[in-house]
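# Quick check, what structure comes out for this input:
(one chain, ligands or ions: 1)
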Amino acid sequence: MTNRCSRCGSTSFRADRSLGGRLVCSHCGTPAGQHVRSARRTSVVPRRKGVRVWVILALMALVLVLVVQSL
Ligand SMILES: [Zn+2]
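Next comes the predicted model:
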């Protein structure tokens with residue numbers, strides 16, 4: 001197995017302690033062995049998280065209004 005970054009093609013890696021000593025690219029930080037395809041899939045997730053954040057914010061605002069009204 002040749003360690004080569006799937007994103008930028010760099011061959012220099014370093015062990016990242018935050019990832020449990022996993023090898024990550026020293027140029028772009030992509031974990032070794034991670035394919036570009038999976039990186040694209042994860043890029044879809046933040047959109048759903050963004051919607052969820054707005055729902056949580058709306059719920060917090062609703063709770064805040066109820067608390068203010070009860071005072
Ligand atoms: Zn890289």
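# What residues does the residue lying closest to Ser10 once chain neighbours are set aside make contact with?
Leaving aside its chain neighbours, Ser10 sits nearest to His27 (4.4 Å; criterion: Cβ to Cβ, 6 or more residues apart in numbering). Backbone N, C-alpha and C define where each C-beta goes, glycine included. Going by Cβ atoms under 8 Å, 6 or more residues apart in numbering, His27 touches 5, 8, 10, 12.
# what about the third one, is that helix, strand or coil?
Under the three-state scheme (DSSP: H, G, I helix; E, B strand; the rest coil), the conformation of Ser10 reads as coil.
# so it touches Arg4, yeah?
Yes - using Cβ atoms under 8 Å, Ser10 is in contact with Arg4, at 7.3 Å.
# what's the distance between whichever helix or strand Ala61 is part of and the middle of its chain?
According to DSSP states H and E, Ala61 maps onto helix 45-70. Its chain's C-alpha centre and that of helix 45-70 lie 21 Å apart, by Cα atoms, centre = their mean, to the nearest Å.
# got the residues of this protein near the ion?
5, 7-8, 10, 25, 27-28, 30 (Cβ under 5 Å from the ion).
# Please flag which of those sit within strands.
Cys25 (DSSP state E).
# Take the residues of the chain next to the ion and write them to JSON lines, including distance to Leu71 and pLDDT.
Shown next, in JSON lines, are the residues of the chain next to the ion (distance: Cβ to Cβ, whole Å; pLDDT from 0 to 100):
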{"residue": "Cys5", "distance to Leu71": "57", "pLDDT": "86"}
{"residue": "Arg7", "distance to Leu71": "53", "pLDDT": "88"}
{"residue": "Cys8", "distance to Leu71": "56", "pLDDT": "92"}
{"residue": "Ser10", "distance to Leu71": "58", "pLDDT": "91"}
{"residue": "Cys25", "distance to Leu71": "54", "pLDDT": "91"}
{"residue": "His27", "distance to Leu71": "55", "pLDDT": "92"}
{"residue": "Cys28", "distance to Leu71": "51", "pLDDT": "92"}
{"residue": "Thr30", "distance to Leu71": "51", "pLDDT": "87"}
